[in-house]
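Peer 1: my questions are about this predicted structure, shown below with the sequence.
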Amino acid sequence: MTLGTPENNRLIANRLKRAYGQLGALITAVEGEADCRAVITQLSAVSSALDRAGFAIVSTAMKDCLDNDDSELTVEELEKLFLSLA
C-alpha cells in the first residue's frame with residue numbers, strides 16, 4: 001500500500017509534524033506544571049492533529065484499494081482500520 005501522491009504524502013507528513021510539535025508543547029506544559037486549561041488545550045490539539053493524519057492515511061488506503069484490484073487489504077480490514085481511529 002502506498003500513501004498516494006507525493007503531494008498527499010507531504011500533506012500527511014505536515015500533519016504529523018504539527019502533531020509532533022504540539023506533543024512537545026504538551027510535554028513542556030505538563031513538566032512546567034502549566035494550568036490545566038493550557039494542558040487540555042494542547043492535548044486536544046495533539047489528538048486532533050493525529051486524528052486528521054490517521055483519517056487521511058486510511059482514506060487514501062481506501063481509495064487505493066478501490067482503484068487497485070490486486071490490493072492487499074480487504075474491505076473488512078480497511079473498515080477495521082478506520083474504526084480503530086474512532
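Peer 2: Structure received. Residues are numbered from 1 along each chain as shown.

Peer 1: those helices in this structure, which residues are they?
Peer 2: Ranges of helices in the chain, per DSSP state H, are 6-31, 36-67, 75-84.

Peer 1: which other helices and strands contact the last one?
Peer 2: Counting contacts by 3 or more CB pairs under 8 Å, 6 or more residues apart in numbering; DSSP states H and E, the secondary-structure elements packed against helix 75-84 are helix 36-67. C-betas here are computed from N, CA, C, even on glycine.

Peer 1: phi, psi of the residue lying farthest from the centre of the chain?
Peer 2: Most distant from the centre of the chain: residue 33, at 27.2 Å, with distances by CA atoms, centre = their mean. Backbone torsions of residue 33, given as degrees, to the nearest 10, read phi 50, psi 50.

Peer 1: flag the shaky bits of this structure, pLDDT-wise.
Peer 2: Applying pLDDT under 70 to the chain flags residues 1-3, 65-66, 68-71, 86.

Peer 1: thought residue 46 was touching residue 24?
Peer 2: No - between residue 46 and residue 24 there is no contact under CB atoms under 8 Å: 9.5 Å.

Peer 1: comparing these two, which residue is more hemmed in?
Peer 2: residue 46 (20 against 12; other CB atoms under 10 Å).

Peer 1: what number of residues lie near residue 20?
Peer 2: Residue 20, neighbours per other CB under 10 Å, totals 12.

Peer 1: tell me how far it lies from residue 53.
Peer 2: Noted for residue 20: a distance of 10 Å to residue 53, by CB to CB, to the nearest Å.
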